[in-house]
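K.L.:
what shape does this take:
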Amino acid sequence: MLVGVISDTHDVLPGIDRAVEVFRREGVEHVIHLGDYVAPFSLLRLLDQLDGVRFNGVFGNNDGEKPGLLRIAERHGSWISDQGLEVEVGGRRVLLLHGFGSPDNTRRIVYALASSRKWDAVLYGHTHQPDVRYIRGVLVLNPGTASGILNSASVAILDTRRMTARVIRI
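P.N.:
Numbers count the residues shown, from 1 in each chain. Sure thing, here's the model as predicted:
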């Protein structure tokens, strides 16, 4: 299964639109958002365009209007949860996180969780920096930021059959 992975959209609608174009072109069947949608209107834009693609995600530290985000997700048959969400995607156990304070602290915690080998993949956001690596055979993936804030805009495609990922600049 091909999964589109996006994070840190921060209400930047052109970044959301470009991400959806990539996801359509790549033929993803599932999209995961790793937090910092910010306002409900940006999640609405994303879900309206995904039209039938399975979606779930976690909240980030900048998501202030959680009830509104939850209502929009539910209306689209999707869900958003606090970070630490375990999902099964393409027969793989995947842990979804946003972040934990500084980029260094976030990576330290993410890498420690991956080294536990409890999941096939650990996905995270928050740092706005793409990261694809394996720790003790576990895929660690950060798609970067779809907003283009603090770094070039990017998303990622996760192949659950091969357990590989690639970052795509948008």
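K.L.:
residue most distant from the centroid, the protein?
P.N.:
Of all residues in the chain, residue 136 sits farthest from the chain's C-alpha centroid, using CA atoms, centre = their mean; the distance is 21.7 Å.
K.L.:
how about it, what does it touch?
P.N.:
The neighbours of residue 136, taking CB atoms under 8 Å, 6 or more residues apart in numbering as the test, are 114, 115, 117. (C-beta placed from N, C-alpha, C; glycine too.)
K.L.:
need the three-state assignment for the last one.
P.N.:
In other words, residue 117. Using DSSP: H, G, I helix; E, B strand; the rest coil as the criterion, the local structure at residue 117 reads coil.
K.L.:
and the helices in the chain?
P.N.:
Residue ranges of the helices in the chain, as given by DSSP state H, are 13-26, 40-50, 66-75, 103-115.
K.L.:
contacting residues for the nearest residue to residue 35 once chain neighbours are set aside?
P.N.:
By the measure of CB to CB, 6 or more residues apart in numbering, the closest residue to residue 35 outside its immediate chain neighbours is residue 60, 2.6 Å from it. Under the criterion of CB under 8 Å, 6+ apart, the neighbours of residue 60 are 7, 8, 34, 35, 36, 37, 83, 98, 99, 125, 126.
K.L.:
contacting residues around the first one?
P.N.:
The contact partners of residue 7, by CB under 8 Å, 6+ apart, come to 33-36, 60, 98, 124-126, 142-146.
K.L.:
for the last one, same thing?
P.N.:
When contacts are counted by CB under 8 Å, 6+ apart, residue 126 is found next to 7-8, 34-36, 60-61, 98-100, 103, 106, 142.
K.L.:
the same query, at a cut-off of 6 Å, please.
P.N.:
With contact taken as CB atoms under 6 Å, 6 or more residues apart in numbering, residue 126 is in contact with 98, 99, 106.
K.L.:
so it versus residue 28, what's the distance?
P.N.:
For residue 126, the distance to residue 28 equals 22 Å [CB to CB, to the nearest Å].
K.L.:
just to revisit the earlier point, tell me the one of the contacts of residue 136 nearest residue 16?
P.N.:
Distances from residue 16 to the contacts of residue 136, taken as CB to CB, are shortest for residue 114 (27.9 Å).
K.L.:
doesn't residue 137 make contact with the closest one?
P.N.:
No. Between residue 114 and residue 137 there is no contact, the gap being 9.2 Å when judged by CB atoms under 6 Å.
K.L.:
neighbour count winner among those two?
P.N.:
Higher neighbour count among residue 114 and residue 137: residue 114, with 23 against 10, using other CB atoms under 10 Å.
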